[in-house]
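**Q** build the 3D model from these lines:
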Amino acid sequence: MNLKDKIINQIKKVYDPEIPVNIYELGLIYKLEVNDKNIVNVDMTLTSPNCPVAESLPKEVKDNILKVEGVSDVKLNLVWDPPWDQSKMSEAAKLELNL
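**A** Residues are numbered from 1 along each chain as shown. Predicted structure coming up:
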C-alpha cells in the first residue's frame, strides 16, 4: 500500500458527526497530494459553513494524517468553493444513507 492509500485509510476514520459516513466517502476531501518530501497538501470542505465541528474536524483530519508513518507534515486548507452538496458523495455513501 502506498503512502497516499495509507493517508486515505486514516482519513476514512474521521466521521461527520451529523452524518454516519466518513468524510472521504462524503466527498469533503477535494484535493489530496503528497510531495517528494512527504508533505501532504489537503483541500477539504465541510457540509456547511455553520457546521458545528468547523473548528475541530479539520484538526482531527490533520492529526489523523500525521499518524501515518512517513508523513512529514500536513498543510490543510479549508475551502468553500465549490460548495459541498450530495453530488460529491461516493456511491457507497449514497447507499449507506439510502439516497
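
**Q** show me where this structure has its helices.
**A** Secondary structure of the chain by DSSP state H: the helices cover 3-11, 23-26, 56-66, 91-96.

**Q** by contact count, what packs against the last one?
**A** Looking back up the chat, that one is helix 91-96. If contacts are counted by 3 or more CB pairs under 8 Å, 6 or more residues apart in numbering; DSSP states H and E, helix 91-96 sits against helix 23-26. (C-beta placed from N, C-alpha, C; glycine too.)

**Q** distance between stretch 4-21 and the chain's centre?
**A** Centroid separation for stretch 4-21 versus its chain: 6 Å, with CA atoms, centre = their mean, to the nearest Å.

**Q** and the helices of the chain, which is most packed in?
**A** Mean neighbour count (mean count of other CB atoms under 10 Å) peaks for helix 23-26 among the helices of the chain, with a mean of 22.

**Q** so which of the helices of the chain comes closest to residue 33?
**A** helix 3-11 (8.4 Å; CB to CB).

**Q** then the closest one to CSV, C-alphas only?
**A** This file holds the C-alpha atoms of helix 3-11, laid out as CSV (Å, rounded to 0.1, in the frame of the first residue of the first chain):
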residue,chain,number,x,y,z
LEU,A,3,1.6,6.4,1.3
LYS,A,4,-1.4,8.1,-0.3
ASP,A,5,-3.6,5.0,0.2
LYS,A,6,-2.4,4.8,3.9
ILE,A,7,-3.4,8.5,4.2
ILE,A,8,-6.8,7.9,2.7
ASN,A,9,-7.4,5.0,5.1
GLN,A,10,-6.6,7.3,8.0
ILE,A,11,-9.0,10.0,6.6
